[in-house]
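1. any chance you can model this:
(one chain, ligands or ions: 1)
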Amino acid sequence: MTYLLYGARASGSCAIECALAEIGADYELRKLSLRNDEQRGAEYEAINPQRKVPALVIDGDQLLTESVAILLTLEERHPEAGLLPPKGTAGRAHALRWLLFAATEIYPIVEINDYPERFATAPAETEATRERAREIWRTRWLVVEENVSGDPYLSGDGFSLTDIYLAVVSRWAQQNAWRPTHIPKVECLTGAVAARPAIAPVWARHFRTP
Ligand SMILES: N[C@@H](CCC(=O)N[C@@H](CS)C(=O)NCC(=O)O)C(=O)O
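-> Below you'll find the model as predicted:
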């Protein structure tokens, strides 16, 4: 099989699975339990020394980590899937801009939310550290919300892998109660991504609802 994906439920690997589903590519999935810290075991460390998912192995020997690198590589390998607007267009630049915003400004915050003890300078500060991460998280999602110019997707140009990425990342940091009233366009975008025929079965394995 061309693709072997290391992933975990409701994690960044869901975005890779969604892209593979849109492409129509078969892949083998090796599931890790983040709850049980399986990503920190020696076996997985040999795959990805950063001890994070996702990781993708292409053709048995090309290892890729970093969700955005994986998505862009898949898009390059399967241009017919239309995961991004054509090269050289303003639409592509726009999709890349918000893909990178989510990857660099938002995704890293989830580590502080999920593992605040890695960042707090004292055990007593763990909860305050997590709460501050959530505040920053919400502020940055409001920036995305302001920049959703399509309906239902990010851009009027239509669906792209940036929509997949935004949909998956937006599910994190325990903001289910906050999202619908504060970032309704992101919610709508996520519902549309989750309902896409190719993606719906993948989504249902990762998340209970859009
Ligand atoms: N920059 C990496 C971040 C990957 C990442 O943080 N993955 C999370 C799951 S969504 C993870 O594996 N966390 C486990 C840990 O930090 O121990 C990427 O974009 O792929």
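
2. avg pLDDT for the helix of greatest length in the chain?
-> Identified as the longest helix of the chain according to DSSP state H is helix 126-146. On average, the pLDDT along helix 126-146 is 98.

3. report all helices and strands that it contacts.
-> Helix 126-146 sits against helix 90-101, helix 107-114, helix 179-182, helix 184-195, with contacts defined as 3 or more CB pairs under 8 Å, 6 or more residues apart in numbering; DSSP states H and E. Quick note: C-beta positions are derived from backbone N, CA and C, even for glycine.

4. domain parsing for the protein?
-> Domain assignment for the chain by automatic domain parsing gives 3-81, 90-195.

5. and the last one, anywhere near the ligand?
-> Yes. When contact is scored as CB under 6 Å from any ligand atom, part of domain 90-195 falls within range of the ligand: 103, 107, 111, 115.

6. of those residues, grab the buried ones for PyMOL.
-> Those of the residues of domain 90-195 next to the ligand that count as buried under 16 or more other CB atoms under 10 Å are selected in PyMOL with:
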select buried, resi 103+107
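
7. will you turn the residues of domain 90-195 next to the ligand into JSON lines that also has pLDDT?
-> Output for those, formatted as JSON lines (pLDDT from 0 to 100):
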{"residue": "103", "pLDDT": "98"}
{"residue": "107", "pLDDT": "98"}
{"residue": "111", "pLDDT": "98"}
{"residue": "115", "pLDDT": "98"}
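
8. so the residue sitting furthest away from the middle of the chain: helix, strand or coil?
-> Farthest-out residue of the chain from its mean C-alpha position, per CA atoms, centre = their mean: residue 124, at 30.6 Å. Per DSSP: H, G, I helix; E, B strand; the rest coil, the secondary structure class of residue 124 is helix.

9. noted, bye for now.
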